[in-house]
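J.: quick one: sequence plus predicted model below, questions after.
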2 protein chains.
Amino acid sequence: MNNKSLCPINQALEIFGDKWTLLIIRDILFNGKNTYRDFLQSEEKIASNILADRLVMLEKEGLLVKKTDPGHKQKIIYTLTEKGIDLLPVLFEIGAWSAKYKTLSSEDKTHLKKLRIGGEKLQKDLKKKFLLKLNK
Amino acid sequence: MNNKSLCPINQALEIFGDKWTLLIIRDILFNGKNTYRDFLQSEEKIASNILADRLVMLEKEGLLVKKTDPGHKQKIIYTLTEKGIDLLPVLFEIGAWSAKYKTLSSEDKTHLKKLRIGGEKLQKDLKKKFLLKLNK
DNA sequence: AGTAACTGATTGTAATTTGCAAGTACTTTT
DNA sequence: AAAAGTACTTGCAAATTACAATCAGTTACT
């Protein structure tokens, strides 16, 4: 499934047009996860080989970087680059769509409502927060 | 790959989290396509069995409806429902992301620039246009 | 009326991707 | 020294996708 076209939608889908990639990015952006274990343990139970594959791909594509935790040689912290952080608006719109058409848990509903009310500002703040993480 | 979780992102991805579904919707929304042949002939060369599968799924999920062309019994016109049309913001954001990070054809670049300048208004107009199509 | 082209599919088979369970190699904790 | 935690890797079965061919009804042409 390689390079079907130069269409912007298609080019984007060649990176995150699958069932798992955006879930990993969601975990980082909304659920505070940043290690292999974190991702493995998330609700949807991604398989370890798929996870490894996607992490390599996302790094290759420049959406995230690996950093070893200082004082914890074995631990690897996955951090989004700006290119990755900039998927925030995409995830917001997907969330908004689900909020309108899917039955969600009341937890998710209030969470999404907050996001909708916060809107632009909240997205900017979130982006700033992750850019800080990236640069330290 | 069924019902991994109730997370809004995941629920959405279970519908359009693959390489093809959003391309079909893009074709309808941005490229004026609305028949099986149209979709088959688009740049990325979707296989006919995959296309058939996705169209059935999208109808089942309520994102599009089939209408037979009056005066052309064989021809089936695929039309987005509001649920489908409401993926417009998602596609916009994906386009914006690609505009920032991918090398695009100059054609696509000017197209996306127009969309960015048009912004909200353009999205509203597009939605109205497709709602009209749906209701006639 | 007969034939060719067009329509939305379906079928069969090979290639690819995913899912699952187990294992590896190294590090940190106890 | 042993146990638990870390990021993966491996092997194999199952599911999905890709590709080419075919089908059956409809429309257009002569």
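T.: Thanks, I have it.

J.: how about the residues of chain A by DNA strand C?
T.: A:1, A:18-20, A:45-50, A:53, A:71-75 (Cβ under 7 Å from any atom of the strand). Bear in mind the C-beta positions are built from the backbone N, C-alpha and C, glycine included.

J.: in strands only, show me the residues you listed.
T.: Residues of the residues of chain A next to DNA strand C located in strands (DSSP state E): none.

J.: please produce a PyMOL select command covering the buried subset of those residues.
T.: In PyMOL syntax, the buried subset of the residues of chain A next to DNA strand C is picked out as below (16 or more other Cβ atoms under 10 Å in any protein chain shown):
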select buried, chain A and resi 18+19+20+46
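
J.: quick one: buried residues of the worst-scoring helix or strand of chain A on mean pLDDT?
T.: Comparing helices and strands within chain A by mean pLDDT, DSSP states H and E singles out helix A:106-135 as the least confident, with a mean of 91. Neighbour-count burial for helix A:106-135 flags A:D108, A:H111, A:L112, A:L115, A:L126, A:K127, A:F130, A:L134 (criterion: 16+ other Cβ under 10 Å).

J.: swap in stretch A:21-38?
T.: Neighbour-count burial for stretch A:21-38 [16+ other Cβ under 10 Å]: A:21-30, A:33-34, A:36, A:38.

J.: could you find the closest non-adjacent residue to A:S48?
T.: Leaving out its chain neighbours, the residue that sits closest to A:S48 by Cβ to Cβ, 6 or more residues apart in numbering or on different chains is A:L40, at 6.2 Å.

J.: that neighbour: neighbour count?
T.: When neighbours are counted by other Cβ atoms under 10 Å in any protein chain shown, A:L40 registers 14.

J.: is it in contact with A:N49, as I believe?
T.: No: between A:L40 and A:N49 there is no contact under Cβ atoms under 8 Å: 11.0 Å.

J.: what sits closest to A:D69 if chain neighbours are left out?
T.: A:K75 (3.9 Å).
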